[in-house]
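Chemist: Give the three-dimensional model of this entry:
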Amino acid sequence: LDSADPNATYKMNSDIKDKQGEWVVPTAIADQIIAKTARELFCAFWTGPKNAHIYALSGGGARRSPVIFEKKRPLQAHHPAYYFKTARYLNPFHITDLHVSMRQQLLSRSKARVIDYSQMVGGDKIEKDLDVSPYLGDKIVVTGKHIADLLTAAGTDPAVDLVCFTGDLIDYIRNVYLPPEMASKELSPKEIWDHVALTDDFESRYEKFIDFIAFYELVTNFCAQYGKPIVVVSGNHDCYREPYGLSPRVTAAGVEVTMANEGVPADHNLTLYEAMLIFGPTYHEIKKASATSNFDKEQFRWLYNVMTPFASFGYSLAKQNIVGLGWGNDEDLLGDSPFSAHGFGHLPRSPESISDAQLELIKRLFLKNDRKNILLTHFTFASYKDGLPLIPSDGKSTYTEGVIDTSYSGSASVHTSDFDLGTFHKNRKAVYNDFIVGTGEGAARQQIHLVLSGHSHRRGLYTVVQHDKNWVRSNKIHTRFLDFHDYPTIKGTDEARCLMIVSDSAGPLPRYNHYGEFDGWGSDRASGTKVTFDQASGQIDKLEAIKVGPKPRLVVALDYLDLIPKDSKVFRRKVISEIVSEPITSKAVRRGKGSVGVAFKLFESDSCTLERAVIGIGNQMKLYYLSAGESGYISLDIVGNGQGAVNAQEIAGALKLNTDAEKLQWFMAIRFNVSPQTKLGASLLSRYDCGDWWCFECTLKIDEKIFSLSKEKILTIERDGNAALSMNFTSRKKDPKYA
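Modeler: Residues are numbered from 1 along each chain as shown. The predicted model follows:
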């Protein structure tokens, strides 16, 4: 084909039409396989125009745009061959955990707000204080845009030679997208709720493989525009069949008992309340392929028929060998003992890897020559639990040491390590001892120089610092955890012989725990990893996290710190932020004097020592009251760090002191300051969007002191923990905006 002609790919199909009379259908043997796969996986039989798009790519659908399936852009085999004019070490750009989800386009159009504060202006109800409580659609992450930006970065960088994708390309197989007829229409929050709803009829709106088609379009466009190769291995999500809500919950007898993956809202840069509100009443739903797991190996057929025919593969290049290992046909969700790091819903392991066939592939390429060896996997080799900080908090250790068992027999119950989350079951001793440490029997030298993996959504550079060789502990290796910018400190040393890299999630916001902040719930921008080789020595010269998309919001981390203990799966946390006033006296109200003192108690627990030292309340807090009639807010002037005061008469005017405050809906909005004077403060300011207001629902109680001659009334303002974790949509549905 003439690569200069953009239409060359489709010339052979220009005179071919299917029974619909207008859709171009490829006829090459590989394309026939794709068409057959599409028909069998999308629908039981060909159903006509409704499913015609299963043969076509869209126009820019992975970004913030409607999905328009183009009739002359057929879904067909696209496996170009590449060559390099000179023998050199190729520099890979690693992208993992994309979790492309077209549903985010719909959600990004939402006008839902935590505080729907509005005022009547000239007979019209006008939304106010959008700077305090903005539209949530402007805040939500759109992963497809992150991937497009990363591919642009890789394509335009002359130092990058190839792109390596290591699994979780999509979130789940069946999804809903923004159709063209909705592109120019202003959608109400309720219309979006209805479109994304995971009700019993969700299959009428959620179609299969929409996200894979969007991803395939990104890949083919990249290859055509930049002429650089792409290699792909599978992850466990790439065959997750059914969707789940934006804050999925496990239920028993119809009652929510725990969160299946409590980090999903943070992945989208939203608080838990925001995630529930933007998605609607089915936020908690989990549609599963089976009673125990969403994993359905049959759904891998799309990936292996369209994207790559190889589950595992090996390339022997001029100066490097590259081996990619697929996830396998199962995942381990429930095997570990209670309260272990690998419990339900947390980083499944691959029970079929590394299989004997995969190990043989490694041996065939990595043992036969002196090339630099690169291994690509979705599952990890070393990956520390989120709650373990990059820099130890004891002030004595220079790094956080991990100990990994390299030879457990495959019995899940014996493996509870916090240092290799999301790892693999089989051939552990052979792989670690012979190919990672390089001291196994018959191994004269280390055989793997670079491992690129993902799965954990937490960036880390891991190295081996010690190998226990005595007969009692012969199967233990000790690891070190560094960030990429620390690589120069070990560059050229024996410790750098094998670098085990876990890259950030490229679509969702990844976790980041530098000093132990936010109880392990810190985040960072989405990123890919650029690896640069020294062309003279073949050693790795530089590691860089190439970041894209928005910064994580500070208020999201604070929300998780307040609500979700990182080391527990307890759903209902009883320790809730409180704002408690001093007594309000009727006498003071009548005279228009006196004030209500306010203390914000988020940072009072022992687990918040770091945050308390660097984060303070900003210039004000606002207490909003909303009703079907009059709405307004009361400004609380800040006196000191976390201390505020408000005029007693102003409170009385809002409450009328004789009115039951529970008839109103109350919200608090708080803005924070971060001190740059400490390392943690400077780190937070550089990594986080610290300008947001934290908006949450609260309750007000007025208790009269019966035995007091002055008839004091005690005002208590408390965060509504039930609303923060499990939303009741009754009050929202009374608003025409959501009705």
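
Chemist: and Leu106, what element?
Modeler: helix 103-107 (DSSP states H and E).

Chemist: List the contacts of the helix or strand just after that helix.
Modeler: Next helix or strand after helix 103-107 toward the C-terminus (DSSP H and E): strand 118-121. Residues from elsewhere that reach strand 118-121, judged by C-beta atoms under 8 Å, 6 or more residues apart in numbering: 125-128, 631. In this view, the C-beta of every residue, glycine as well, is placed from N, C-alpha and C.

Chemist: Note down every partner strand of strand 118-121 and its orientation.
Modeler: Here strand 118-121 is paired, per DSSP bridges, with strand 124-127 (antiparallel).

Chemist: tell me what the next helix or strand after the strand it pairs with is packed against?
Modeler: For strand 124-127, the following helix or strand on the C-terminal side (DSSP H and E) is helix 143-156. Counting contacts by 3 or more C-beta pairs under 8 Å, 6 or more residues apart in numbering; DSSP states H and E, helix 143-156 packs against strand 92-95, helix 103-107, helix 210-226, strand 526-533, strand 540-548.

Chemist: what about helix 143-156, average pLDDT?
Modeler: Confidence over helix 143-156 (mean pLDDT, whole number) is 97.

Chemist: Equivalent analysis for stretch 671-684, please.
Modeler: Averaging the model's pLDDT scores along stretch 671-684 yields 90.

Chemist: what sits up against that stretch?
Modeler: For stretch 671-684, the surrounding residues in contact (C-beta under 8 Å, 6+ apart) are 514-515, 517, 554-555, 558, 610, 613-621, 685, 688, 690-694.

Chemist: Tabulate the CA atom coordinates of that stretch in CSV.
Modeler: Extracted as CSV, the C-alpha positions of stretch 671-684 are listed here (Å, rounded to 0.1, in the frame of the first residue of the first chain):
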residue,chain,number,x,y,z
ARG,A,671,-11.5,26.3,51.4
PHE,A,672,-8.0,25.3,52.6
ASN,A,673,-4.6,26.8,52.6
VAL,A,674,-1.4,24.7,52.3
SER,A,675,1.8,25.9,53.9
PRO,A,676,4.9,25.7,51.6
GLN,A,677,7.3,25.9,54.5
THR,A,678,7.7,22.1,54.9
LYS,A,679,8.7,19.4,52.4
LEU,A,680,5.2,17.9,52.6
GLY,A,681,3.5,21.3,52.1
ALA,A,682,5.7,22.0,49.1
SER,A,683,5.0,18.6,47.7
LEU,A,684,1.3,18.9,48.1
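
Chemist: Distance from it to the middle of the chain?
Modeler: 24 Å (C-alpha atoms, centre = their mean, to the nearest Å).

Chemist: repeat for stretch 504-518
Modeler: Taking C-alpha atoms, centre = their mean, the mean C-alpha location of stretch 504-518 is offset from the chain mean by 9 Å.

Chemist: gap between the two ends of it?
Modeler: Terminal residues of stretch 504-518 are spaced 18 Å apart (C-alpha to C-alpha, to the nearest Å).

Chemist: if we can go back for a sec, for the helix holding Leu106, name the packing helices and strands.
Modeler: helix 143-156, helix 189-196.

Chemist: which of the ones you listed is buried the deepest?
Modeler: The highest average neighbour count among the helices and strands packed on helix 103-107, using mean count of other C-beta atoms under 10 Å, belongs to helix 143-156 at a mean of 22.

Chemist: what element comes up after that helix heading to the C-terminus?
Modeler: Using DSSP H and E, the helix or strand that follows helix 143-156 towards the C-terminus is strand 162-166.

Chemist: Thanks again, I'm all set now.
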